[in-house]
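> Can you look at this prediction? I've put the sequence above it.
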Amino acid sequence: MPFSSCFLCSLSYLLSITCVYPGDGGRRELRREEARSPARVETSPAINRVFHWVHDGRIPDETSSASLIPTTTHELLNVFFAHCHPQRMVVHEPSIFASICRQEVPAYLILAMCAVAAPLSRTTRANAALPRLAGVPFFLQASRLMFDGHGALVCPPSIHAVQALCLLEMHEINANHSWTSCYRYFDLALQVMEGNLYIHYLKDAQFSTSTDPESIARSIDRECIGRCYWLIYLLESLKYIYTHQPVNTRLSRLSDMVPLPVDETRFALVAWYNSSSAWESLDHDSRFRHLKNIVDIFGHAVTTYLTKEATMRESAIASVRSSARAWLEGLPQYLQFTEENFEIQVTSLQTSFTLDAWCFCFMHVMYSCCELTILESTMDFPNTYSWPCERLSVILSSVGVHARNTLLMPCALWFYSRHDPHGPLVDEWDRSFEELWGFKIVMVAQQWRLVQASALGTPTQCYSPQVCSSVCTSVYQQCQRGMTYALA
């Protein structure tokens with residue numbers, strides 16, 4: 001395949017290189033700066049390492065930012081809770097609207113929510129050069145309120161700041177079409193959670209069973225802090241699965257200290273849940289717990305595929321396969337992938353697009369992709385891969401356009417295209433994704449595999465994530481030497 005500009009754009013996607021697009025308004029680049037943090041933030045020494053956007057060599061002025069116009073803000077907040085998954089999991093919807101009415105929510109958090117939702121709103125994306133850049137004005141204004149001109153965090157290190165930092169990172173992932181960025185806002189959020197919000201003590205705190213408003217409010221805040229952590233954990237785990245970059249060690253260390261999110265019903269209706277005896281007879285299991293477990297198993301499958309020689313892989317992958325099957329068999333009946341269950345979840349996706357329904361679909365996407373990796377590791381590919389691909393096809397076809405708004409479509413297509421590159425619906429899904437986000441998942445996945453194959457030998461050669469990361473760094477450095485790329 002020729003070393004075309006599309007290939008170079010793929011590398012910029014994979015390696016987080018600055019990529020210039022027509023209509024982007026000039027070149028953007030990331031600059032790391034050392035800056036002194038406010039006194040309240042200095043409890044976490046590493047928090048001084050912060051990042052900020054530089055646009056044409058300077059922080060954008062006020063004229064380039066968005067303002068919180070009530071009608072636009074109302075629309076974007078509704079879009080955020082209806083379609084932005086898994087981002088919306090870090091904000092408690094019932095209380096946030098009440099707090100906004102009482103002017104208790106800082107503007108930077110509202111702006112961060114708008115930045116994430118903007119690409120999915122026809123109103124805001126119509127005014128952007130590319131749909132994925134529709135949230136940039138909101139992002140810039142939120143950044144201006146949170147950081148000073150030197151990139152130091154100036155807002156109080158609170159739960160609102162952590163939520164906003166997580167959402168700013170999710171905006172960056174979409175706007176820069178990169179899962180392999182340095183996750184600087186996630187890193188900063190993690191530092192605030194460790195140094196100021198004492199996340200390592202959350203394990204000892206139980207979600208409130210009281211009807212006392214203050215107790216409920218404290219429980220909601222603790223739950224939101226934990227959910228911010230698990231959002232970061234999910235994205236870091238996916239980054240490892242899809243691009244083989246090691247997971248943040250600090251993040252892994254905290255996984256046993258932070259409680260998993262409670263189920264969405266209890267989170268949304270906590271006061272009613274605690275006051276009604278009718279809830280006691282219902283099994284409200286956290287969907288996110290099951291999603292996290294299969295993502296972990298998937299990560300183990302990838303590690304086995306990357307680090308074991310073909311002759312030694314059989315016994316290791318057998319353990320992973322056993323874990324995957326045990327996960328599937330351990331699902332409650334209402335989370336099994338049956339026709340009836342799936343129809344219920346699809347209806348929920350098409351009407352209210354709840355996080356529970358999204359988790360159901362995404363966990364089964366992860367299971368199917370994990371099975372494809374296991375089959376390839378045991379050399380059963382390509383003769384026995386049909387059922388995972390068929391399940392991915394059913395999910396993408398049924399969820400429809402909603403899949404492209406979230407991680408569902410790119411995560412499914414990445415592996416589907418490897419095992420069934422000429423499937424009848426692959427091009428249709430890929431074009432639909434490109435219309436919104438500006439690039440084709442299949443092309444990026446294929447170019448990433450070419451980079452692996454050319455730099456590391458044959459696709460089945462054993463190599464470690466560290467070697468892969470080293471190769472990526474080498475390619476990145478070569479591309480940085482005076483080269484800027486434009487989309488052909």
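Cool, the structure landed. Numbers count the residues shown, from 1 in each chain.
> Skipping its backbone neighbours, what lies nearest residue 256 in space?
Closest residue in space to residue 256, ignoring its immediate chain neighbours: residue 203 at 7.7 Å, by C-beta to C-beta, 6 or more residues apart in numbering. For every residue, glycine as well, the C-beta is placed using N, CA and C.
> How about the contacts made by residue 292?
Listed by C-beta atoms under 8 Å, 6 or more residues apart in numbering, the contact partners of residue 292 are 230, 233, 234, 260.
> any idea which element it lies in?
According to DSSP states H and E, residue 292 maps onto helix 287-307.
> tell me the angle the next helix or strand after that helix makes with helix 287-307.
Moving toward the C-terminus from helix 287-307, the next helix or strand (DSSP H and E) is helix 313-330. Angle of helix 313-330 versus helix 287-307, following axes from the mean of the first three to the mean of the last three C-alpha atoms, to 10 degrees, is 170 degrees.
> buried set for the helix ranked longest in the chain?
Across the chain, the longest stretch assigned as helix under DSSP state H is helix 213-243. The neighbour-count criterion (16 or more other C-beta atoms under 10 Å) identifies 216, 219-243 as the buried residues of helix 213-243.
> Farthest pair within the contacts of residue 292?
Spatially, the most separated pair among those is 234 and 260, at 11.4 Å (C-beta to C-beta).
> still on that earlier bit, could you check the angle helix 213-243 makes with the helix holding residue 292?
20 degrees.
> for the record, mean pLDDT for helix 287-307?
Mean pLDDT, helix 287-307: 92.
> measure residue 394 to residue 337 for me?
From residue 394 across to residue 337, the span is 9 Å (C-beta to C-beta, to the nearest Å).
> picking that back up, residue 260 is in contact with the residue nearest to residue 256, correct?
No: Residue 203 is beyond contact range of residue 260, at 10.6 Å (criterion: C-beta atoms under 8 Å).
> Who has more neighbours out of those two?
Between residue 203 and residue 260, residue 260 has the larger neighbour count (other C-beta atoms under 10 Å), namely 17 against 13.
> Can you tell me the SS state at that one?
coil (DSSP: H, G, I helix; E, B strand; the rest coil).
> Point to the residue nearest the middle of the chain.
Most central residue of the chain, judged by C-alpha distance to the mean C-alpha position with C-alpha atoms, centre = their mean, is residue 235 at 4.3 Å.
> Next one, pLDDT for that residue please.
We have a pLDDT of 94 for residue 235.
> Please look at it and residue 172 and confirm they touch.
No: with contact defined as C-beta under 8 Å, residue 235 does not reach residue 172; the gap is 11.1 Å.
> Double-check that residue 365 belongs to a helix.
Yes: when three-state DSSP is applied, residue 365 is found to be in a helix.
> The residue lying closest to it once chain neighbours are set aside: what's it in contact with?
Spatial nearest neighbour of residue 365, chain neighbours left out: residue 412 (4.9 Å); criterion: C-beta to C-beta, 6+ apart. By C-beta under 8 Å, 6+ apart, the residues touching residue 412 are 365, 368, 369, 392, 395, 396, 403.
> Residue 412: what secondary structure?
helix.
> now the helix holding residue 292, how far from the centre of its chain.
Its chain's C-alpha centre and that of helix 287-307 lie 15 Å apart, by C-alpha atoms, centre = their mean, to the nearest Å.
> Could you check how many residues crowd around residue 435?
11.
> tell me the contacts of it?
Shown in contact with residue 435 (C-beta under 8 Å, 6+ apart): residue 131.
> how near is it to residue 133?
In terms of C-beta to C-beta, residue 435 sits 14 Å off from residue 133.
> Residue 345 too?
Per C-beta to C-beta, residue 345 is found 32 Å from residue 133.
> Comparing those two, which residue is more hemmed in?
A count of neighbours by other C-beta under 10 Å puts residue 345 above the other of residue 345 and residue 133, at 24 against 21.
> who touches that one in this structure?
Counting by C-beta under 8 Å, 6+ apart, residue 345 has contacts 356, 357, 360, 361.
> Regarding it, what is its secondary structure?
helix.
> Secondary structure element holding residue 109?
Here residue 109, judged by DSSP H and E, is contained in helix 107-117.
> Give the other helices and strands that the helix or strand following that helix contacts.
Next along the chain after helix 107-117, taking DSSP H and E as the criterion, comes helix 122-125. Where contact means 3 or more C-beta pairs under 8 Å, 6 or more residues apart in numbering; DSSP states H and E, helix 122-125 is packed against helix 70-83.
> Kindly calculate the angle that the helix or strand that the helix it packs on is followed by makes with helix 70-83.
Counting by DSSP H and E, the next helix or strand C-terminal to helix 70-83 is helix 93-101. Interaxial angle of helix 93-101 relative to helix 70-83 (the same axes, to 10 degrees): 170 degrees.
> What helices and strands are in contact with helix 93-101?
On a contact count with 3+ C-beta pairs under 8 Å, 6+ apart, helix 93-101 meets no helix or strand.
> got the contact list for that helix?
Here helix 93-101 has contacts from 77, 81, 105, 110, 217, 220, 268, 269, using C-beta under 8 Å, 6+ apart.
> picking that back up, outside of the helix holding residue 109 itself, list whatever touches it.
Contact with helix 107-117 is made by 66, 68, 72-73, 76-77, 79-80, 83-84, 87, 91, 100, 135-136, 138-139, 141-142, 145-146, 155, 160-161, 163-164, 167-168, 170-171, 174, as judged by C-beta under 8 Å, 6+ apart.
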